[in-house]
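*Asks:* sharing a sequence plus its predicted fold:
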Amino acid sequence: MTQEAIQSATETLERRVQHFMDGGSTSFVVQVRWPGSEWSKAYGVRNLDTKDPAQPEDRVSIASITKSMVAVSVLKLVDQGLIGLDDPVNGVLESFRTTLRPPGPVTVRQLLNHNSGMPDYADAENTDPLKQIVNTRLSMQRGLELAATLPWESKNMDRFAYSNSNYLALGQLIEKLRGRPVADVLKEEIFGSLGLQHTSLAEPDRGAPDNIHAYITDGGERVDVTQPEVFVGSPAAGVISSTQDVNNFFRALLRGQLLSPAMLEEMKKKAGFADYGLGVWRFPDACSGDVRYGHSGTAFGYISISITSADGGSQITMAMTMPPRPWQDPATARRVDLLQTQMEQAAQETLDRLCQ
């Protein structure tokens, strides 16, 4: 890898990030790694009240990147023979007998790759004010109860349809088979074993000085939505972490430090039409002709993405806090989708330039 390629990659990325900041983003943190070195930078502020400058190692809500970590803990259950990938969970989880109405057997694999057809609890109608939603903890069981208010049709089974409900069920599966909270399981199996000191799924620490805050406006009022109660402990979107820790996780995963070789290969396989495996998105790798792996996430003003080459050698993780935008505004949703797409493009372009 030449110095020219590194300079081209980082300078182009900085221009991309400046575009996001010029658009009103309050912060942006990024870490890029390549064999033998790395580059990190932070932009903007941690907090709109104090104006403290953001630091590269600061913590953010990584939202659905959580799913990749939870998937590892589920696949460890399979590795240890506690359940099979293609075993149905209907008879294992009480929620599938008493709360949900699945149209047929639902396997561990279908939950992991979003092919169960289970409706997303986030699509259930909720007319509560933003402050109430943010400050009300949503248990896995309550989330599945919300999912149960929506139709679960047999025609949707075995079709990819991204649904947070799948990972609430997987969180219940981990707790059922391990006999302890999913946050404790992830801490022992992943965060602790890899030394991820800035990563947690447990109780919030909103006052920590290394938090990057996010905001949403509601009725003209700016609301701080940092580490909201609604996501605390959520196996679908609850992890708080740093770009360095997320890179450490994906590097360890793809270098075989967390799963058996056979289970890692299962995780990486494409499932049907979508470029999704078992808890990981698949991205084209123009450098090797292979596939890169990672995940993206959005939650209450945060947007994040992490992508790693198949050998774990080249990586990028970045997170942005959007400018405070109106709650439940269609224009806000469209803006989030656009920014997420632009961040993925910037991440891929950076990794591609590194190998030129």
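*Replies:* Good, I have the coordinates. Fair warning: this is a prediction, and the values are worked out from it, not measured in the lab.
*Asks:* what about Ala124, distance to Gln172?
*Replies:* 18 Å (C-beta to C-beta, to the nearest Å). For the C-beta atoms, the positions are set from N, CA and C on the backbone; glycine is no exception.
*Asks:* more crowded one of those two?
*Replies:* Gln172 (23 against 15; other C-beta atoms under 10 Å).
*Asks:* secondary structure element for that one, which one?
*Replies:* helix 164-178 (DSSP states H and E).
*Asks:* return the list of helices and strands in contact with whichever helix or strand comes after that helix.
*Replies:* Using DSSP H and E, the helix or strand that follows helix 164-178 in sequence is helix 182-186. The contact analysis (3 or more C-beta pairs under 8 Å, 6 or more residues apart in numbering; DSSP states H and E) places helix 182-186 against helix 66-79, helix 164-178.
*Asks:* distance from the chain centre to the longest one, please.
*Replies:* In terms of C-alpha atoms, centre = their mean, to the nearest Å, the centre of helix 164-178 is set 16 Å apart from its chain centre.
*Asks:* for it, the averaged confidence score.
*Replies:* On average, the pLDDT along helix 164-178 is 98.
*Asks:* same deal with the shortest one?
*Replies:* When the per-residue pLDDT values of helix 66-79 are averaged, the result is 98.
*Asks:* and the one helix or strand Gln132 maps to, what does it pack against?
*Replies:* According to DSSP H and E, Gln132 maps onto helix 130-134. With contacts taken as 3+ C-beta pairs under 8 Å, 6+ apart, helix 130-134 sits against strand 215-218, strand 221-224.
*Asks:* can you tell which of those strands is closest to Phe191?
*Replies:* Closest to Phe191 of the helices and strands packed on helix 130-134, according to C-beta to C-beta: strand 221-224, at 25.3 Å.
*Asks:* what lines up beside the closest one in the sheet?
*Replies:* Counting by DSSP bridges, the strands paired with strand 221-224 are strand 215-218 (antiparallel).
*Asks:* just give me how far the strand it pairs with sits from the chain centre.
*Replies:* The chain centre lies 22 Å from the centre of strand 215-218; the measure is C-alpha atoms, centre = their mean.
*Asks:* I'd say Val315 and Asp285 touch.
*Replies:* Actually, residue 315 is Gln. It isn't Val. No. With contact defined as C-beta atoms under 8 Å, Gln315 and Asp285 do not form a contacting pair (12.0 Å).
*Asks:* overlap in contacts, the two.
*Replies:* 309, 351 (C-beta atoms under 8 Å, 6 or more residues apart in numbering).
*Asks:* of those two, which one has the most company?
*Replies:* More crowded of Gln315 and Asp285, by other C-beta under 10 Å: Gln315, with 26 against 21.
*Asks:* angles on the backbone of that one, please.
*Replies:* Per-residue torsions, Gln315: phi -150, psi 160 (degrees, to the nearest 10).
*Asks:* circling back: turn the helices and strands packed on helix 130-134 into a markdown table, including mean neighbour count and distance to Arg46.
*Replies:* Shown next, in a markdown table, are those (neighbours: other C-beta atoms under 10 Å; distance: least, C-beta to C-beta, whole Å):
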| stretch | mean neighbour count | distance to Arg46 |
| --- | --- | --- |
| strand 215-218 | 18 | 12 |
| strand 221-224 | 15 | 12 |
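*Asks:* tell me, how many residues neighbour Glu4?
*Replies:* When neighbours are counted by other C-beta under 10 Å, Glu4 comes out with 10.
*Asks:* tell me which residues of whichever helix or strand it is part of come out buried.
*Replies:* Assigned by DSSP H and E, Glu4 belongs to helix 3-22. Judged by neighbour count (16 or more other C-beta atoms under 10 Å), helix 3-22 contains these buried residues: 6, 9-10, 13, 16-17, 20.
*Asks:* alpha carbons of stretch 251-264, as PDB, please.
*Replies:* Extracted in PDB, the C-alpha atoms of stretch 251-264 (Å, rounded to 0.1, in the frame of the first residue of the first chain):
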ATOM      1  CA  ARG A 251     -11.400  -7.600  12.900                       C
ATOM      2  CA  ALA A 252     -11.500 -10.300  15.600                       C
ATOM      3  CA  LEU A 253     -14.700 -11.800  14.100                       C
ATOM      4  CA  LEU A 254     -13.300 -12.100  10.500                       C
ATOM      5  CA  ARG A 255      -9.900 -13.400  11.800                       C
ATOM      6  CA  GLY A 256     -11.700 -16.300  13.500                       C
ATOM      7  CA  GLN A 257     -11.200 -15.200  17.100                       C
ATOM      8  CA  LEU A 258     -14.900 -15.500  18.000                       C
ATOM      9  CA  LEU A 259     -16.400 -18.400  16.100                       C
ATOM     10  CA  SER A 260     -15.400 -21.700  14.700                       C
ATOM     11  CA  PRO A 261     -14.300 -21.600  11.000                       C
ATOM     12  CA  ALA A 262     -17.400 -23.500   9.900                       C
ATOM     13  CA  MET A 263     -19.800 -21.100  11.800                       C
ATOM     14  CA  LEU A 264     -18.000 -18.000  10.500                       C
END
